[in-house]
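Engineer: Below are the sequence and a predicted model for it; my questions follow.
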Amino acid sequence: MRTVSGSSRWLLVCLLAAGMLGLTTPEPAPPGTAPPGPGTSGQTYAALDDFLQDQLNALGIPGAAVAVVRDGVQVHSAAFGRADDSGRPMTARTPVLLASTSKSFTAIAVMQQVEAGRLELDEPVQTYLPWFTLNDSRSAAITVRHLLHQASGMSSKDTAFEASDAQGPEALEAEVRALSGSPLTGEPGAAFHYASANFNVLGVLVQTVSGQPFGDYLKEHVFGPLQMANSHPTRAAARADNAAAGYSRWFGLFWLKTDVPAPTAGMPSSTLYASAEDLGRQLTALLDGGQYGSARILRPESVAAMFEPRVRVSDSQSYAMGWFSRALVESAGPAAPPAPDAALPRLVEHQGEWGNSHTYLAAVPESGLGVALVINGNDTAAPSRLKSIDTNLLRILHGHSPVPAVVFEDWLQQYSWAVSMALLLAELLSLWLSLRFLLRRQAPQKKRWAPLAWAAVALALDGFALWLCLVYAPARFDTHLFVIVRQFPDVGISLVPILALALLWPLPRTVWVLAKVAAGGREGARH
């Protein structure tokens with residue numbers, strides 16, 4: 001048997017005393033959190049924090065917060081930057097507009113109603129909402145499962161709601177009823193087609209079968225059991241809880257506090273608010289089979305069904321219920337030879353993109369790892385810069401170094417503000433030249449074709465502006481023009497006067513030019 005010397009015993013006593021009477025007393029950890037345990041590294045979290053701080057410094061991002069979950073506990077959270085222009089610091093408990101990561105909460109609520117026997121996944125929506133229809137007879141075949149898997153056949157452009165300012169509790173159902181005039185772009189269940197309207201319909205389903213307004217339902221059955229004290233269904237409630245202000249990157253140059261619409265009509269898909277720590281609690285529950293402490297929000301089989309990918313998005317990505325699913329390529333080192341997807345862990349994730357916020361949720365069920373990131377700003381011209389932060393967090397948490405961001409957006413999106421500004425300048429130049437000719441006292445007597453040619457060029461410019469704004473851009477970005485104007489403010493400030501000039505000025509200008517030319521012809525005939 002080993003013996004301990006007297007000096008060793010004395011050293012042991014000193015160490016124990018230092019542990020009990022330490023110079024500082026650590027703050028108690030919030031419920032559901034824990035210090036780093038086996039299999040984790042404080043150096044990893046330090047590297048994570050250093051990377052985020054570097055990104056804030058390099059890109060000028062106003063504020064960010066992160067939470068990390070491992071093996072059923074929240075092991076790390078941190079915050080950086082500012083929450084608003086007052087300089088108030090961002091914290092891990094500051095609510096931020098979630099955008100599309102809101103969908104994960106709606107999926108939970110739907111599966112709770114499935115467990116309660118009030119909803120069936122393969123029943124048509126019209127079973128529960130007899131009034132639900134679109135401008136296509138095939139809409140009667142849309143099921144609850146189709147909505148959850150983004151396979152209803154609805155498109156974002158034809159069902160856009162993001163420009164609305166509605167804040168009343170009735171706005172959600174009113175917006176879904178308004179879909180009756182929207183077409184379907186595909187056969188229900190046939191293919192993936194992302195549209196936030198799918199989850200707005202699910203929100204109406206939940207509030208109809210539960211008998212509670214959707215926001216109240218979330219507070220009682222999801223936020224409450226998960227102790228998500230800094231999560232809210234409405235903008236007013238979030239602002240009362242000192243929510244972070246939202247920022248947009250204007251003209252690709254600077255960040256500016258920007259209010260963009262966050263309507264209650266989009267609550268189930270896009271406009272919930274939560275803090276990084278609260279999102280960590282959600283991940284903790286989902287990675288523990290629906291259990292959080294003594295509360296159970298879902299059965300394990302429901303969580304498994306929610307994470308199961310059933311609709312193909314691309315060769316490497318599928319969609320589950322409110323979650324994208326793919327191989328966790330970030331778990332392999334950048335220098336390692338490519339591994340087949342089947343050999344890598346599966347990742348479920350979702351990003352949230354709004355005009356003035358960016359959020360990210362990711363979970364690796366196989367390893368029990370989860371990460372939540374909230375940023376109170378968005379670079380709509382090149383959102384891939386912020387998306388690269390998401391994937392680099394995963395790399396760091398798997399012991400690898402981050403890689404430089406790659407901007408994937410095409411030139412039109414990156415420089416849409418410059419294109420719209422140039423088009424506005426062209427329209428203003430056209431207006432000035434037209435007025436310069438039309439306000440002359442004497443009508444032209446020679447080269448009468450010149451003003452007619454100029455009028456034709458001006459009409460061509462107007463036609464191009466209308467085509468770009470009303471046809472090409474909405475189709476290219478799969479959304480409505482009003483959404484572009486409201487959610488992309490540095491572009492919108494040019495588009496509004498462009499459209500006004502291109503719609504209102506051509507007819508009176510053309511009539512005036514023709515009259516002026518005709519008057520010049522009569523004057524020439526008299527002489």
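Structural biologist: Alright, I've got the coordinates.

Engineer: What separation is there between A163 and D478?
Structural biologist: In this structure, A163 and D478 are 14 Å apart, going by C-beta to C-beta, to the nearest Å. In this view, the C-beta of every residue, glycine as well, is placed from N, C-alpha and C.

Engineer: Do I have it right that P263 meets E170?
Structural biologist: No - in this structure P263 lies outside contact range of E170 using C-beta atoms under 8 Å: 11.7 Å.

Engineer: What mean pLDDT does the longest helix along the chain get?
Structural biologist: Among the segments of the chain that qualify as a helix by DSSP state H, the longest is helix 416-438. Here the mean pLDDT over helix 416-438 is 91, rounded to a whole number.

Engineer: Convert the C-alpha atoms of it to PDB, please.
Structural biologist: As requested, C-alpha coordinates have been extracted for helix 416-438 and formatted as PDB (Å, rounded to 0.1, in the frame of the first residue of the first chain):
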ATOM      1  CA  SER A 416     -27.100  45.800 -55.800                       C
ATOM      2  CA  TRP A 417     -26.900  49.100 -53.900                       C
ATOM      3  CA  ALA A 418     -24.500  50.400 -56.600                       C
ATOM      4  CA  VAL A 419     -26.700  49.100 -59.400                       C
ATOM      5  CA  SER A 420     -29.800  50.700 -57.900                       C
ATOM      6  CA  MET A 421     -27.900  54.000 -57.300                       C
ATOM      7  CA  ALA A 422     -26.600  54.100 -60.900                       C
ATOM      8  CA  LEU A 423     -30.000  53.400 -62.200                       C
ATOM      9  CA  LEU A 424     -31.400  56.300 -60.100                       C
ATOM     10  CA  LEU A 425     -28.700  58.600 -61.400                       C
ATOM     11  CA  ALA A 426     -29.600  57.600 -65.000                       C
ATOM     12  CA  GLU A 427     -33.300  58.300 -64.300                       C
ATOM     13  CA  LEU A 428     -32.500  61.700 -62.800                       C
ATOM     14  CA  LEU A 429     -30.200  62.500 -65.800                       C
ATOM     15  CA  SER A 430     -33.100  61.500 -68.100                       C
ATOM     16  CA  LEU A 431     -35.500  63.700 -66.200                       C
ATOM     17  CA  TRP A 432     -33.100  66.700 -66.300                       C
ATOM     18  CA  LEU A 433     -32.400  66.400 -70.100                       C
ATOM     19  CA  SER A 434     -36.100  66.000 -70.800                       C
ATOM     20  CA  LEU A 435     -37.100  69.100 -68.800                       C
ATOM     21  CA  ARG A 436     -34.200  71.000 -70.400                       C
ATOM     22  CA  PHE A 437     -35.700  70.300 -73.800                       C
ATOM     23  CA  LEU A 438     -39.300  70.700 -72.900                       C
END
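
Engineer: just to revisit the earlier point, and P263 and E170? which has more neighbours close in?
Structural biologist: P263 (21 against 11; other C-beta atoms under 10 Å).

Engineer: which parts of the helix or strand where L172 lies are buried?
Structural biologist: Applying DSSP states H and E as the criterion places L172 in helix 171-177. Buried residues in helix 171-177, counting neighbours by 16 or more other C-beta atoms under 10 Å, are found at A171, L172, E173, E175, V176.

Engineer: cool, stretch 397-406 as well?
Structural biologist: Neighbour counts using 16+ other C-beta under 10 Å place L397, H398, H400, P402, A405 of stretch 397-406 among the buried residues.

Engineer: Residues in contact with it: which ones?
Structural biologist: Stretch 397-406 is contacted by residues 44, 48, 51, 68, 328, 330-331, 333-334, 369, 371, 384-385, 388-389, 392, 395-396 when judged by C-beta atoms under 8 Å, 6 or more residues apart in numbering.

Engineer: Now list the buried members of those residues.
Structural biologist: Neighbour counting by 16+ other C-beta under 10 Å classes 44, 48, 51, 68, 328, 330-331, 369, 371, 385, 388-389, 392, 395-396 among those as buried.

Engineer: In strands, which of those residues appear?
Structural biologist: With strands identified by DSSP state E, the entries of those that belong to them are V68, L369, V371.

Engineer: OK, contacts around the last one?
Structural biologist: Just to be clear, that refers to V371. V66, A67, V68, V69, L283, Y360, L361, A362, L393, L394, L397.

Engineer: which one of the residues you listed is nearest A418?
Structural biologist: For A418, the nearest member of these is Y360. The distance, counting by C-beta to C-beta, is 28.4 Å.

Engineer: Return the distance of the closest one relative to R88.
Structural biologist: Relative to R88, and taking C-beta to C-beta, Y360 is found at 23 Å.

Engineer: In terms of neighbours, single out the busier of those two.
Structural biologist: Neighbours were counted for Y360 and for R88 using other C-beta under 10 Å; Y360 has more, 24 against 14.

Engineer: Rounded mean pLDDT for stretch 124-141, please.
Structural biologist: The pLDDT scores in stretch 124-141 average 97.

Engineer: swap in stretch 281-296?
Structural biologist: 97.

Engineer: Could you export the buried residues of stretch 397-406 to TSV, including columns for secondary structure and distance to W449?
Structural biologist: As requested, the buried residues of stretch 397-406 are arranged in TSV below (DSSP: H, G, I helix; E, B strand; the rest coil; distance: C-beta to C-beta, whole Å):
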residue	secondary structure	distance to W449
L397	helix	70
H398	coil	70
H400	coil	68
P402	coil	63
A405	coil	54
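
Engineer: ok, so of those residues, who is nearest V125?
Structural biologist: In terms of C-beta to C-beta, no member of the buried residues of stretch 397-406 lies closer to V125 than L397, at 38.8 Å.

Engineer: about what we covered before: go through the contacts of stretch 397-406 and flag which are in helices.
Structural biologist: T44, L48, F51, S384, R385, S388, I389, N392, R395, I396.

Engineer: Now flag whichever of these is closest to W250.
Structural biologist: Closest approach to W250 among the ones in helices among the contacts of stretch 397-406 (C-beta to C-beta): R385, at 14.8 Å.

Engineer: didn't that closest one look like it was pressed against I61?
Structural biologist: No - shown here, R385 and I61 do not form a contact pair, counting by C-beta under 8 Å, at 9.3 Å.

Engineer: Not counting the helix or strand hosting A502 itself, show me its contacts.
Structural biologist: Assigned by DSSP H and E, A502 belongs to helix 489-504. Counting by C-beta under 8 Å, 6+ apart, the neighbours of helix 489-504 from elsewhere in the structure are 248, 250-251, 258, 260, 355, 381, 416-417, 420-421, 423-424, 427-428, 430-431, 461-463, 465-466, 469, 481, 484-486.

Engineer: And stretch 449-465, by the same measure?
Structural biologist: The list of residues contacting stretch 449-465 from outside it, by C-beta under 8 Å, 6+ apart, reads 423, 426-427, 430, 433-434, 437, 444, 498-499, 501-502, 505-506, 509-510, 513-514, 516-517.
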